[in-house]
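Fold the following and give me the result.
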Amino acid sequence: MTEDRANMTAEELATEKKRLWWHSRRGMLELDVLLLPFVEDVYDTLSEEDKEKFRNLLDVEDPDLFQWFMQNARSSNPDHAYMVDMILSRVQPK
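Below is the predicted model of the structure:
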């Protein structure tokens, strides 16, 4: 997938980002306030590997995401746990 993305036009990348934004709208406020700003403010700065991890995270069901982001559980998938930690680090006090 990374090789395909390297050949995408600016318009295709913009379309993909819009798709990700809509996919990040979960309808659960607790998730929306974490995922939407991440797509808007951080996604473009991620490495291709981290972008892939984020796209994969969006395939997870809302109840699981909610548990992980509320820190009531932790994903057994290290890529999901990594992205949850990255997203939470943006909103937690240092």
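
Can you give me the buried ones in stretch 81-94?
By 16 or more other Cβ atoms under 10 Å, the buried positions in stretch 81-94 come out as 83, 84, 86, 87. To be clear about C-beta, it is placed using only N, CA and C from the backbone, and glycine gets the same treatment.

Was I right to think the last one contacts residue 38?
Which is residue 87. Yes - Residue 87 is in contact with residue 38 according to Cβ atoms under 8 Å; the separation is 5.2 Å.

how would you label residue 91: helix, strand or coil?
Three-state assignment for residue 91 (DSSP: H, G, I helix; E, B strand; the rest coil): coil.

what about residue 45, neighbour count?
When neighbours are counted by other Cβ atoms under 10 Å, residue 45 registers 8.

Can you name the residues that contact it?
Residues near residue 45 by Cβ atoms under 8 Å, 6 or more residues apart in numbering: none.

Now do it against residue 54, distance only.
Taking Cβ to Cβ, to the nearest Å as the measure, residue 45 falls 11 Å from residue 54.

cool, and residue 25?
The gap separating residue 25 from residue 54 is 15 Å, by Cβ to Cβ.

Extract the residue ranges of this structure that are flagged as low pLDDT.
For the chain, applying pLDDT under 70 flags the ranges 1-6, 93-94.

From the centroid of it, which residue is nearest?
Closest to where the C-alpha atoms of the chain average out (Cα atoms, centre = their mean) is residue 54, at 3.8 Å.

My guess is that one contacts residue 48. True?
No - judged on Cβ under 8 Å, residue 54 makes no contact with residue 48 at a distance of 10.7 Å.

And the lengthiest helix in the chain, how far out from the chain middle?
The longest helix of the chain (DSSP state H) is helix 10-24. Centre-to-centre, helix 10-24 and its host chain are 12 Å apart (Cα atoms, centre = their mean, to the nearest Å).

Report all helices and strands that that helix contacts.
Under the contact criterion of 3 or more Cβ pairs under 8 Å, 6 or more residues apart in numbering; DSSP states H and E, helix 10-24 touches helix 29-41.
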